[in-house]
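Visitor: give the three-dimensional model of this entry:
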Amino acid sequence: MEPAFLLAVAVLVGGVVASFVPLVPGAGLSLAAIVFYWWSTDYSEPGVLFLALALVVGLSALVLDYFSSVISARISGASTRTALAAGLVGVVALVLATPVGALLVILLTVFVLEYRESGAVDESARRAAYTTLGMLASTATQVLVTLFLLVGFLVSVLVL
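Guide: Numbering: from 1, shown residues only. Okay, the predicted model is just below:
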């Protein structure tokens, strides 16, 4: 096996492992590995069809992951202001804290803003919990996407 292939596979596996952590861009690592290998083979492997599919799926997963707090907060019934604040706080908290810490900060942000708006503890807690569950669902999606990218890459390069 050539070094570029082994490096790409190692980074793809790293993408799968990283995707288990909320708000960590495992799909981004996976895409970087695929594009690196494509570049290292003078744009011959993997094929253009797989590369295009991987880019669409991987970039969509990245966007979903970064906006999962906004999307899940809105689905939970939180106000637009709370949803946007959750998204902004999530990005800032990810830079300043651990992924788990960022998840907790988003949960608290949604709860506090919704409580200030409605004064209802139960409703605020429900919206904060739904927002957190939505973000965890996004993490599960990231795991599936990175596994798809890893397996698809291996099939595309080794079988096809």
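
Visitor: the helices in the protein, which residues?
Guide: According to DSSP state H, the chain carries its helices in the segments 3-18, 26-40, 48-75, 80-96, 99-118, 121-154.

Visitor: among these, which comes closest to L160?
Guide: helix 48-75 (8.0 Å; C-beta to C-beta). Every C-beta, even on glycine, is put in place using the N, C-alpha and C of the backbone.

Visitor: which strands or helices does the closest one pack on?
Guide: helix 26-40, helix 80-96, helix 121-154 (3 or more C-beta pairs under 8 Å, 6 or more residues apart in numbering; DSSP states H and E).

Visitor: give the rounded mean pLDDT of that helix.
Guide: Regarding helix 48-75, the rounded mean pLDDT is 88.

Visitor: and if you look at stretch 150-160?
Guide: If you average the per-residue pLDDT over stretch 150-160, you get 94.

Visitor: for the helices of the chain, which has the smallest mean pLDDT value?
Guide: It's helix 80-96: among those, that one has the lowest mean pLDDT, namely a mean of 81.

Visitor: so which of the helices and strands packed on helix 48-75 comes closest to F67?
Guide: For these, proximity to F67 was assessed by C-beta to C-beta; helix 80-96 is nearest, at 6.3 Å.

Visitor: as a quick check, tell me the outermost residue of this structure.
Guide: G119 (32.3 Å; C-alpha atoms, centre = their mean).

Visitor: how near is it to V112?
Guide: G119 sits 12 Å away from V112 when distances are taken as C-beta to C-beta, to the nearest Å.

Visitor: do G152 as well
Guide: Using C-beta to C-beta, we find G152 at a distance of 42 Å from V112.

Visitor: of the two, who's got more company?
Guide: G152 (18 against 14; other C-beta atoms under 10 Å).

Visitor: residue contacts, the more buried one?
Guide: With C-beta atoms under 8 Å, 6 or more residues apart in numbering as the criterion, the residues that contact G152 are 46, 50, 53-54.

Visitor: from those residues, which two are the most distant?
Guide: Of all pairs drawn from these, the greatest distance, 9.7 Å, lies between P46 and L53 (C-beta to C-beta).
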